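Trainee: Structure of the sequence below:
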Amino acid sequence: MIGVIADPTDHDVVREFFELFKTPWEFYRGARHYDVLLCAGDGQVNATAKLLVVYAGRKTRFDDRQKIQTGRERTQACIVSYLGNRIPIYGNTITFPQKG
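Mentor: Got it, this is the predicted structure:
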């Protein structure tokens, strides 16, 4: 089961996304254990899951708690390139310095 922590203003979009792909999911409930927990933005994550995915276009409290180094923050649209693939990003983005 996938648990989702998202801003209430995004709930309709989240519902539509998972209905489109017919994937079992629910909005996060504190007493549950999830195989995957998706956390958008700076939501409080006090849960266990086999896989935790925290995503945002800016530095979060999670980054600070985990001592994750972050790089440049952008507010303009950009193109991300990875292994020859190009992905347009239309919202805020943040980079992570490459480790040696």
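Trainee: so how far is residue 31 from the spatially most central residue of the chain?
Mentor: Centroid-nearest residue in the chain: residue 55, 2.2 Å away (criterion: Cα atoms, centre = their mean). Distance from residue 55 to residue 31, counting by Cβ to Cβ, to the nearest Å: 24 Å. Yep, even glycine has a C-beta here, placed from its N, CA and C like the rest.
Trainee: hmm, back to that, look at the residue lying closest to the residue nearest to the centre of the chain once chain neighbours are set aside and say how many residues are nearby.
Mentor: Nearest residue to residue 55, sequence neighbours excluded (Cβ to Cβ, 6 or more residues apart in numbering): residue 40, at 6.2 Å. Counted by other Cβ atoms under 10 Å, the residues lying close to residue 40 total 16.
Trainee: For residue 40, which residues are in contact?
Mentor: Neighbouring residues of residue 40 by Cβ atoms under 8 Å, 6 or more residues apart in numbering: 4, 5, 6, 7, 10, 55, 56.
Trainee: Buried residues in stretch 34-44, which are they?
Mentor: Using 16 or more other Cβ atoms under 10 Å as the burial criterion, the residues of stretch 34-44 that qualify are 34, 37, 38, 39, 40, 42, 43.
Trainee: In the helix or strand of the chain with the lowest mean pLDDT, which residues are buried?
Mentor: For the chain, the helix or strand with the lowest mean confidence is helix 61-65, at a mean of 85 (criterion: mean pLDDT, DSSP states H and E). Within helix 61-65, the residues that qualify as buried are 62, 63, counting by 16+ other Cβ under 10 Å.
Trainee: can you give me how far whichever helix or strand comes after it is from the chain middle?
Mentor: Later in the chain than helix 61-65, the nearest helix or strand by DSSP states H and E is strand 73-74. Relative to its chain's centre, strand 73-74 lies at 16 Å (Cα atoms, centre = their mean, to the nearest Å).
Trainee: which residues touch strand 73-74?
Mentor: 57, 58, 59, 92, 93, 94.
Trainee: Tell me the one of these nearest residue 20?
Mentor: residue 57 (22.6 Å; Cβ to Cβ).
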